[in-house]
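Trainee: Predicted structure and sequence below. I'll ask about it afterward.
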Amino acid sequence: EYEQLKGRVRMMTDADEDVVKRSKSRDLRTAKSMERVRANTEMTEVLGRIETEKQKFQQLESEKMALEEEVQRLRTLESKVKELEEELGEKGEKLTNMEMA
């Protein structure tokens, strides 16, 4: 009878250990799954921020190009103004010379 009880206790202990192992295994799988979900969420957020920054950068690049075009246009106008000022100065000298003559 003692051996039977001992055998039952051993079977119950083994069963309890099995339950604990399965529970730990399930908890570990759950923890790993939750970690994957957290990592995916984090990655999605980071990718979203990267995309936002990329769009901001592209907008700034467009603005930079527009400003560079405007600077070039203004330089061209400045150059034309100088040419006209020189031409006007030459014509003014000629007119003064003609008046003196």
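Mentor: The structure has been received and is ready for your questions. Numbers count the residues shown, from 1 in each chain.

Trainee: what about residue 79, distance to residue 43?
Mentor: 53 Å (Cβ to Cβ, to the nearest Å). Where you see a C-beta, it was placed from the backbone N, CA and C, and this is true even at glycine.

Trainee: Tell me where this structure is predicted with low confidence.
Mentor: Residue ranges of the chain with pLDDT under 70: 101.

Trainee: so which helix or strand takes in the residue positioned nearest the centre of it?
Mentor: With distances taken as Cα atoms, centre = their mean, the residue of the chain nearest its centroid is residue 50 (1.9 Å). Assigned by DSSP states H and E, residue 50 belongs to helix 2-100.

Trainee: What is that helix packed up against?
Mentor: Helices and strands touching helix 2-100, by 3 or more Cβ pairs under 8 Å, 6 or more residues apart in numbering; DSSP states H and E: there are none.

Trainee: Distance from that helix to the middle of the chain?
Mentor: Averaging C-alpha positions (Cα atoms, centre = their mean, to the nearest Å) puts helix 2-100 0 Å from its chain's average.

Trainee: Show the contacting residues for residue 88.
Mentor: If a contact means Cβ atoms under 8 Å, 6 or more residues apart in numbering, then residue 88 has no contacts.

Trainee: Could you check how far it is from residue 82?
Mentor: Taking Cβ to Cβ as the measure, residue 88 falls 11 Å from residue 82.
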